[in-house]
Structures are given as C-alpha cells and as structure tokens.
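> Predicted model and sequence below, questions to follow.
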Amino acid sequence: MSNMQTLRFYVTPSHNCSYLPNQKAKTLFVDPQKRVTNETYSQLSELGFRRSGGHIYRPHCEGCQACQSIRIPVADFKPSKSQRRILNKNRDLKVLRKFPMMDREYFALYQDYIDKRHADGDMYPPTPEQFNQFLVEGVLDSWFYEFRNANNRLLAVAVTDHLNQDMSALYTFYAPDEESRSLGTFAILWQIEEAKRRGMHYLYLGYWVKSCRKMNYKTAFKPLELLIDGHWTHFRSE
C-alpha cells in the first residue's frame, strides 16, 4: 500500500496531444503496480492528478501549461437560468448507484455514445476491453450512477470517484438521441447536488484547455477554481 512518501512516478515518451493539434505531450503517472489508497488518491487529486482506469496521471509537458485542472466548490454553486431549465426537464429521471462493471446494457449505451458523438476521438472504435480498462479497472471508491426514465430505459451513466472530502466526475456517457435533455450537463448538475448532499467540498471536472472547443461546457458551471502554478485560483471569464 503506497502513500505520498513512497509513490514512484514515471513520465511517458512524447506522444500526440489529445487536445491541441500539431502538439506533442508527455504524461506523468503513478506507478500502476502500486496500490494507492483513497487517502493518497484524494491528495493526488488536490495536486491536479486524474484517474483513467488503473492509471493516475497528469499532463507533464515541457513549455506548455494549456491543460489546467478545474473544480467546482459545490457549496457556492448556483445554477444559471438555462441550467435550471435542464434540471426541470430531467426531473422524471431516477438515479441508481451501482458498482462499476462491464455488462451489455452499459456497453451498448457507451458504444452508441462514442459512435455518434466521438467518432473522431481516440476512443473510437469502442470495444468491451476498452470500456473495462477505462471505466471498470482500478476502481477505489467509484460508482456508476444510472439515469433511467419512467420506462426504465437507461439514458446516461455518470462514472464518479468519491474522494475523502470531494467527488470527481470521471466520465459520462449518454443516449445521443435524447439531445433535448442535455444529459451531459444534467449529469454534472446532479453530481454537484449529490456532492453537496454528502457534505463534500468540491466536484472535480478534470482538465480544461481554453482553446479546445469541446471543453467549453466546463466553464458554464460557476464558480470555478483552476489549478495554476500549484495554487487553486478562482476562474474569471474574460
């Protein structure tokens, strides 16, 4: 069992950046052979690390600070007018908490989501092995939150890590044919409320890259904090 004093870190070779075209990136990651406690994972999240399956990592690029960790102080969050409409539109959904697993229903929804929303990304084409490695392996205090309608149809799954005093919104996949519900936004709003209900301090949203259009949605949740030069700073929109 590793703690912050005994962890080993490794840096990947340069690879194509997932967010910025024509850019190279490096990643700093925790030794995947070491078992990390939830206490240590919570401390790493405070330092800007993120989890993907069994890997805990953060960007480690020379001369580039484009990727910035972002989080929401849930006690201070107040939904905007449009966000309140999204909450009202989805009040018919029930939410169930399940232990992460690979099953046909989850993968069918995930496959449909990737095929129709992210066919240009590095997770295409989706496979059961990829799903398992990305969302099931390496879980600590992690959960699948199912969002189902009155007919019990699975519309969305929010994959969430519970830290010591915070929550981390790891990934959400949802039915692409239910665009009017704004399920991605609703999942974040629901997780904010769940974190608040549990007395948590923050909901982590991963990384934000200012020039990456697909990440613009994250700045719609206010107030926000960004990790800049090792310090969490209030986000101010221009």
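Perfect, thanks for sending it.
> From F221, how far out is the closest residue to E62 other than its chain neighbours?
With sequence-adjacent residues excluded and distances taken as C-beta to C-beta, 6 or more residues apart in numbering, E62 is closest to K26, at 7.0 Å. Using the backbone N, CA and C atoms, a C-beta is placed for each residue, glycine as well. Separation of K26 from F221 (C-beta to C-beta, to the nearest Å) stands at 29 Å.
> Count the residues that sit near the residue nearest to E62.
15 (other C-beta atoms under 10 Å).
> and what of R117?
When neighbours are counted by other C-beta under 10 Å, R117 registers 16.
> can you tell me the distance between the two ends of stretch 137-154?
When the termini of stretch 137-154 are compared using C-alpha to C-alpha, to the nearest Å, they are 22 Å apart.
> quick one: it to chain centroid distance?
Distance, stretch centre to chain centre, for stretch 137-154: 14 Å (C-alpha atoms, centre = their mean, to the nearest Å).
> so where do the strands sit in this structure?
Ranges of strands in the chain, per DSSP state E, are 9-11, 15-16, 24-25, 27-30, 50-52, 55-59, 68-73, 94-98, 142-148, 154-162, 167-174, 202-208, 225-228, 231-234.
> average model confidence for the last one?
The pLDDT scores in strand 231-234 average 96.
> Could you list the residues in contact with that strand?
71, 223-227 (C-beta atoms under 8 Å, 6 or more residues apart in numbering).
> quick one: strands adjacent to the worst-scoring helix or strand of the chain on mean pLDDT?
When the helices and strands of the chain are scored by mean pLDDT, DSSP states H and E, strand 15-16 comes last with a mean of 91. Sheet pairing for strand 15-16, assigned by DSSP bridges, gives strand 24-25 (antiparallel).
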